[in-house]
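[1] Sequence first, predicted coordinates after that:
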Amino acid sequence: MEDFKPINPTVESFTENGATIEARFRDFCKGKLAMDDNELEEAMKLFNQSKHLFLTNASSLGSGTPEEAEHYWFAFILFSVKRLSLKDVPEDAANTKDNGFNLCQILRVAKLNYVDFFKELPQFVVKTGPILSKIYGSDWENRLQAKELQANFVHLSLLSKYYKRAFRVLFVASHDNADGKSVIANSADYISNCHHFGWLLFLALRVHAFSRFKDLVTCTNGLVSILAILIIHIPARFRNFSIDDSSRFVKNGDKGVDLLASLCNMYETSEEELRKTMVKTNNVVAEILKKTPCLASECKNGNLDNIDTDGLTYYEDLLEETSLSSNLSVLEEDYNKAICQEGELDEKLFINDDESLLGSSSLSGGAINMSGAKRKFDSMASPTKTITSPLSPYRSPSKIKGTPVSTAMTTAKWLRTIISPLPSKPSIELERFLSSCDKDVTADVVKRARIILEAIFPSSGLGDRNAISNMQNTNLMDNIWAEQRRMEALKLYYRVLQAMCTAESQILNGNNLTSLLTNERFHRCMLACSAELVLATHKTVTMLFPAVLERTGITAFDLSKVIESFIRHEESLPRELRRHLNSLEERLLESMVWEKGSSMYNSLTVARPVLSSEINRRGLLADPMPSLDAIGLQSNMSCGGLPPVPSLQKRDSSPGKNNILLSPKRVCSEYRSVLVERNSFTSPVKDRLLGINNLKSKLLSPALQSAFASPTRPNPTGRGETCAETSVNLFFSKIVKLAAVRINGMVERLQLSQEIRERVYCLFQQILSQRTSMFFNRHIDQIILCCFYGVAKISQLSLTFKEIIYNYRKQPHCKPQVFRAVFVDDRSSRCNGKPGQDHVDIIMFYNEIFIPAVKPLLVELAPAGVAKTTNQVSETNNHDEGQCPGSPKVSLFPSLPDMSPKKVSAVHNVYVSPLRSTKMDALISHGSKSYYACVGESTHAYQSPSKDLTAINNRLNGDCVFSTRKVRGSLNFDEVDVGLVSDSLVAKSLYLQNGKGGATSSGGQMKTE
């Protein structure tokens, strides 16, 4: 059962030529990057200490070719050296910047792109973590900031596409006069330069005005301010719109069009924020380009005819053909100076469409939810922008619709219009609950909220100043931003807390909620959840999850207790934020709760004492939660600038002592997809996948008071359980539900029988109940994959691990680190006399860890015709850990909720939903059936499916030679938002050809993209 080769065997060619790898790396550094001796020495040190890991894992890097694998490893080494050896003294940066190198230069020399680099980086981080910790200290991961850099890359990809689309909508490529001759000799070049100018001005705004908090919403406001600058200064003859179009532009009485209000209406921005951003943008233009501002009303070139000029600024020679080239040079030079000192990413690439560095348009296996130009949108755009509510704004046809940026702006509008107007103190109703406790806790609640939120959204110190002396102090802007976010989180916290108290009082038939409202951990979880939603709304790059956990001193297990209640008690929560919380809960369940230092282990030692010795041996218990004073002190110390997220819960991170900071849980969850972390534009069935957050559930959730009570305290429900047992049982039930969904998805992909599905599900439950330690520091998918192979072997199926992993890579939640880096205990990895490794591939884990522990459970699932023998594998470690008292018995596979529409591709956002039979007759009339083919029915006999599809498309387009009837109308998609098409619209489109539609089409040509 176990005798097959590992997934990533040692590559013989690298071993044989090991002596030359150092020489090639030295030439890469010295000859191609011109590194100085000190940099080279440091890079060689890290390379030599990690070379054995490279030789072991080279075949799993990229395509696996020797040269490409080397280049990946060289890039990882140099990126780590660059990020982790940065000097703290500012003067050093100025002295070394001429000889320095950045990631952009590394990738050019290595002939790699950003997408592939970020895709493979997590594997390097997992494997070399102990080495990096030894050389650079235990905080190396925070200082590396790889996921923040990746998030920045993704956001810029989205913003550049957003800007390009908006520019194309507003401006034409060229303009001809009445004689048909170009007004400007090279008008296409002029518009292209204006487009380039707008992006460079936006980059200058990011560098000089937005400083640290480069969140997506703030940057979008910046882009809209850039569009306003362009409309004011680009000659009106190049406009692709009419200023008199009342459907697009808002008029301010007799003064003309209110330009900023109109742009806010188009792009879902806040007018107040846009006007503030315009001030910053104008300051950047004046200071960097040395332009003298004047009132827009003094503009005499006709650009602002019929536009209300109040509050608008105009600059002479800003976008004139004679000065545009020099202005571009100034902006580019300013940006180059800035990136030399702080950047790893040349943001000019996004406007130049440099595919060689940005990446291709597709990635395999769903390893990372981002890619080239098309993929960046596909992976993030929600395919179901269909739910409307009184909060949904009117969407005019001219707006950019269905993109991650526009969705983020819509979500931000909820925060701005629903939450921001609320009072910044407890309401009268909430105060009634707070004062009804054994003692009035109102002051404690207010104080705690202030300290925790200041730790999450710290203010800047007063020492740093912007490079532009006459501009507003950047740190002041940061402080304003942080204060706004604190207030939003505070108001949301009070709102949901009141709703929870009302619900709890109804469950308990009383207003005295002392045990809940005096529970420190509960309040911190609520504050963390509120802050995370604010951060998710603004898509903040610098504070990605799990930053809120570390800054509030709670664990993933703590947060998992409030997510369901938070969603249940905030009815106005936008759909995207519900998805974000669902996504977080899934991440918590699949891996984060199993991390070292999780408070789940504290509860597990009480609920299952037999595991105590193993938990203590591995040092998995959570440290005591830091006090409010400690958090406040840490927050005050960091006010001089935004440091890497501090870990208030100190944990042993030295190599050789079970350094679980590098467990695949940590890396897989953080690098899984930064898009999911910040954007959460996930599958439309996310809300239904787990069956955990069903807002219409008829069952009341367990009282929050027992969820946050002391683990050893008896459950107040009186079922004879401790609170720890109740929490662990509830947690295990959620794990089982999540596993059921993922097992079902793999069964469908592998086309296995329902009997195999039952066995895999049963085995997973038994491992969770009787071999719980198999999950410690691991990802549940690792156990699921091993269950599939074990059941296949015992059932005598011809299913290989290669096939299992191939199909797993197609799953939307796939992360390559799941099967490339499985955590193993040092003691286990040394059992064969081999040097200890923290992580091995999944096949080695299966052979050396999984089978010796699980085989007695596995053989019990063997079919009747298979002999149940266990003498093939040593069972010295197969002691039964015992079943958790009160835990649910092994059950049959549950009935899962309707998974329609279902995502069928890990690479593209493709969803399939079967047509319900009840709607078939209504949607397809007798006259239109000839245009469609049903499943199992070919358009012609003995014809391939590809030809069938071609014939169907030809019939729809009305040009098929076999068609005796032409389509007498064009399908019009212009009036439909990107998302699911309503039934009425489908029916309308189908009936157009028969003259049955209630409204006629525009008759224009069908648009394709």
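    Arrived safely, thanks for sending. On a predicted model such as this, the values are computed, not experimentally measured, just so you know.

[2] count of residues packed around the residue nearest to residue 771 when sequence neighbours are not counted?
    The shortest distance from residue 771 to any non-neighbouring residue, by CB to CB, 6 or more residues apart in numbering, is to residue 853 (5.5 Å). For the C-beta atoms, the positions are set from N, CA and C on the backbone; glycine is no exception. Neighbour count for residue 853, taken as other CB atoms under 10 Å: 21.

[3] Give me the pLDDT for residue 853.
    pLDDT, residue 853: 92.

[4] Just after whichever strand or helix holds residue 588, pick out the following helix or strand.
    Counting by DSSP states H and E, the secondary-structure element that holds residue 588 is helix 575-590. Sequence-wise, the next helix or strand downstream of helix 575-590 (DSSP H and E) is helix 599-607.

[5] And the contacts of that next one?
    The list of residues contacting helix 599-607 from outside it, by CB atoms under 8 Å, 6 or more residues apart in numbering, reads 554-558, 593-594, 611-612, 615-616, 620-622, 711-712, 722, 724-725, 727-729, 731, 772, 884-885.

[6] measure stretch 435-445 end to end?
    End-to-end distance for stretch 435-445, by CA to CA, to the nearest Å: 11 Å.

[7] residues of that stretch that come out buried?
    By neighbour count with 16 or more other CB atoms under 10 Å, stretch 435-445 contains the buried residues 436, 437, 441, 442, 444, 445.

[8] What score does the residue nearest to the last one when sequence neighbours are not counted have for pLDDT?
    Leaving aside its chain neighbours, residue 445 sits nearest to residue 434 (6.0 Å; criterion: CB to CB, 6+ apart). We note a pLDDT of 93 for residue 434 in this prediction.

[9] Show me what the strand or helix carrying residue 434 is in contact with.
    Taking DSSP H and E as the definition, one finds residue 434 inside helix 428-435. If you take CB under 8 Å, 6+ apart as the criterion, helix 428-435 is touched by 426, 440-442, 445, 494, 497-498, 501-502, 505, 511, 513, 517.

[10] taking those one by one, which sit in helices?
    Counting by DSSP state H, the part of those found in helices is 442, 445, 494, 497, 498, 501, 502, 505, 517.

[11] Give me the neighbour count for residue 64.
    Residues contacting residue 64 under the criterion other CB under 10 Å number 12.

[12] Please disregard the earlier target; I meant residue 52.
    The burial metric for residue 52, expressed as a neighbour count using other CB under 10 Å, is 13.

[13] Am I right that it is in a helix?
    Yes. Following the definition DSSP: H, G, I helix; E, B strand; the rest coil, residue 52 is counted among the residues of a helix.

[14] other SSEs contacting the helix or strand containing residue 129?
    Residue 129 belongs to helix 114-136 when assigned by DSSP H and E. Packing partners of helix 114-136 (3 or more CB pairs under 8 Å, 6 or more residues apart in numbering; DSSP states H and E): helix 37-57, helix 66-84, helix 103-110, helix 140-144, helix 146-170, helix 355-358, helix 664-671, helix 817-820.

[15] change it to 7 Å
    With contacts defined as 3 or more CB pairs under 7 Å, 6 or more residues apart in numbering; DSSP states H and E, the packing partners of helix 114-136 are helix 37-57, helix 66-84, helix 146-170, helix 355-358, helix 664-671, helix 817-820.

[16] Could you name the stretch from these that's closest to residue 415?
    Closest approach to residue 415 among those is made by helix 146-170 (18.2 Å; CB to CB).
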